[in-house]
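*Asks:* heads up, no residue letters with this:
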Ligand code: NG1
Ligand code: ZN
């Protein structure tokens with residue numbers, strides 16, 4: 001009853017935006033920052049319930065809107081192993097966020113009974129935020145909800161999203177056989193830098209790397225990481241976190257991927273290796289300007305194929321390929337050429353899942369080594385307990401085998417297995433290119449992307465667009481799927497699909513085909529059929 005009173009009192013400090021319905025989606029709650037107070041308060045209450053339900057394990061709360069404009073913000077929960085919130089709990093988040101403030105304490109109580117939470121259990125929460133101006137107000141609201149529910153909490157201030165996921169996993173594995181690292185920002189840098197050094201034994205990074213940080217939290221954090229790194233020459237650009245409007249503006253991974261061009265501010269010369277992070281540093285894409293000054297993108301599909309081929313080679317050199325099942329997870333947005341390359345050249349199994357990294361992550365866990373990336377650059381590699389054991393316990397029969405085993409071992413530390421992490425993925429790519437002795441040009445040369453186009457279509461009601469077959473087909477509106485199929489059959493290598501966005505009020509249309517004009521044409525025709 002004391003807690004109930006405290007919740008109500010704290011909640012009534014805020015005002016609920018009228019007539020707005022909130023939904024915990026693929027990326028948690030995300031919207032204009034000034035609408036978020038009561039949503040963040042609700043998330044604080046849910047974090048407390050989640051931690052108590054899991055006997056006081058640490059839960060993470062990240063305040064960020066990733067690649068969205070500066071005036072937006074968002075909030076999402078992180079589960080104990082650094083994974084996204086369990087899907088079943090998304091509905092509880094939605095319920096709390098929509099509860100009237102006068103009765104939000106009653107909804108909290110209802111959930112305690114419904115989910116069977118032992119209210120006497122301790123609750124522990126860590127939280128952090130990106131560089132958005134609204135972040136400080138929102139973590140204030142979060143602290144109020146945590147204080148009202150008597151939660152023990154730690155404020156990690158500014159962090160990238162993957163850093164917070166890392167800290168959560170470290171906190172919950174401390175002192176167990178699954179210990180993941182020191183639960184501090186410094187521990188994160190040390191783990192990455194030490195494992196990078198091990199992976200780089202005997203090879204050298206060729207040339208420098210320019211990293212566009214989207215004017216977000218990735219900028220200062222990359223600069224910190226660089227203090228721990230050696231043997232790599234990184235030039236940081238777009239790291240202005242003082243001017244709040246510059247965040248994700250004309251730069252960053254989302255800009256580069258959707259516009260298929262370098263940030264206008266880029267001063268890179270031909271063949272210079274460039275990379276872009278997004279606003280909370282969980283997405284990464286590479287690119288360069290070729291000899292004819294044509295922009296060349298190396299996106300998430302490319303990182304996936306590069307990582308899968310490298311890990312496959314290492315496993316063979318280490319003599320453990322038959323003991324570790326390597327697989328790749330993609331979504332419908334993966335370029336058809338990447339899918340072909342994985343199947344026909346790398347000869348690896350592929351799972352296609354719904355959009356959203358939580359789906360990819362879960363599918364990846366079905367492999368011993370699960371390489372998953374969304375085309376937009378969000379992804380990582382997971383290693384099963386079996387894989388970790390095999391890598392650790394195999395007796396090398398030769399120096400070459402030993403070197404391969406040690407490299408694999410170091411890779412398992414370099415890769416942030418909790419979640420896609422642009423800084424960790426960047427070091428992974430740099431290490432692989434160094435091992436292969438490749439410039440971005442050779443990397444690009446592994447296969448040829450089909451020209452593709454992504455179009456955003458505004459519709460009256462996107463909820464009528466119901467997809468199946470990993471979102472590659474539509475069952476509703478009736479007849480539309482037939483139209484799309486007949487359109488795509490008219491183009492050489494034509495493939496197209498439409499699905500309702502999970503993060504925006506729109507339908508996305510994707511099309512690829514053998515030539516640029518065919519891909520554009522197909523996209524336009526399918527978009528017309530949708531709207
Ligand atoms: P939606 O809005 O559901 O398409 C977008 C991205 C996803 C994922 C989420 C979360 C595309 C086509 N879609 O989802 O891949 O990253 O945002 O951030 O890139
Ligand atoms: Zn992001």
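*Replies:* Received, thanks. Since this is a predicted model, take the numbers as computed values, not measurements. Ligands and ions are numbered 1, 2, ... in the order given.
*Asks:* only C-alpha atoms from now on, for both contacts and neighbour counts.
*Replies:* Will do.
*Asks:* list the buried residues of stretch 135-149.
*Replies:* Using 16 or more other CA atoms under 10 Å as the burial criterion, the residues of stretch 135-149 that qualify are 135-136, 138-139, 141-149.
*Asks:* mind listing which of the residues you listed are in helices?
*Replies:* 135, 136, 138, 139, 141, 142, 143, 144, 145, 146, 147, 148 (DSSP state H).
*Asks:* and those residues as a markdown table, adding pLDDT and distance to ligand 1?
*Replies:* Below are these laid out as a markdown table (pLDDT from 0 to 100; distance: CA to the nearest ligand atom, whole Å):
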| residue | pLDDT | distance to ligand 1 |
| --- | --- | --- |
| 135 | 98 | 18 |
| 136 | 97 | 22 |
| 138 | 98 | 20 |
| 139 | 98 | 21 |
| 141 | 98 | 24 |
| 142 | 98 | 22 |
| 143 | 98 | 25 |
| 144 | 98 | 27 |
| 145 | 98 | 26 |
| 146 | 98 | 26 |
| 147 | 98 | 30 |
| 148 | 98 | 31 |
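*Asks:* hang on, the earlier thing: can you tell me which of the buried residues of stretch 135-149 is nearest ligand 2?
*Replies:* residue 135 (15.4 Å; CA to the ion).
*Asks:* now the closest residue to ligand 2 within the chain: how far from ligand 1?
*Replies:* Using CA to the ion, the closest approach of the chain to ligand 2 is made by residue 66 at 3.9 Å. Counting by CA to the nearest ligand atom, to the nearest Å, the separation of residue 66 from ligand 1 is 7 Å.
*Asks:* check residue 424 too.
*Replies:* Distance from residue 424 to ligand 1, by CA to the nearest ligand atom: 18 Å.
*Asks:* element containing that residue, please.
*Replies:* Secondary structure from DSSP states H and E places residue 424 in helix 422-436.
*Asks:* ok, residues contacting the following helix or strand past that helix?
*Replies:* Proceeding N to C from helix 422-436, the next assigned helix or strand is helix 440-444, under DSSP H and E. Residues outside helix 440-444 that contact it (CA atoms under 8 Å, 6 or more residues apart in numbering): 271, 273, 287, 288, 290, 296, 298, 302, 306, 433.
*Asks:* and the second one, bridged to which residues?
*Replies:* I take that to be residue 273. residue 209 (DSSP bridges).
*Asks:* so what's it scoring on pLDDT?
*Replies:* Confidence at residue 273, expressed as pLDDT, is 98.
*Asks:* surely it and residue 206 touch.
*Replies:* No - counting by CA atoms under 8 Å, residue 273 sits too far from residue 206 to count as a contact (9.8 Å).
*Asks:* just flag the most distant two among the ones in helices among the buried residues of stretch 135-149.
*Replies:* 135 and 148 (20.0 Å; CA to CA).
*Asks:* what's around residue 511, how many residues?
*Replies:* Using other CA atoms under 10 Å as the criterion, residue 511 is surrounded by 28 other residues.
*Asks:* enumerate every residue touching it.
*Replies:* By CA under 8 Å, 6+ apart, the neighbours of residue 511 are 452, 453, 454, 494, 495, 496, 497, 519, 520, 522, 523.
*Asks:* redo that, cut-off 7 Å
*Replies:* 452, 453, 454, 495, 496, 497, 519, 522, 523 (CA atoms under 7 Å, 6 or more residues apart in numbering).
*Asks:* same deal with residue 494?
*Replies:* 488, 512, 513.
*Asks:* relative to residue 124, how far out is it?
*Replies:* Between residue 494 and residue 124 the distance is 51 Å, computed by CA to CA, to the nearest Å.
*Asks:* ok, back up a step: so for the helix holding residue 424, mean pLDDT?
*Replies:* 98.
*Asks:* does the residue of the chain closest to ligand 2 count as helix, strand or coil?
*Replies:* Three-state assignment for residue 66 (DSSP: H, G, I helix; E, B strand; the rest coil): coil.
*Asks:* could you work out the most separated pair of the contacts of helix 440-444?
*Replies:* 290 and 306 (19.5 Å).
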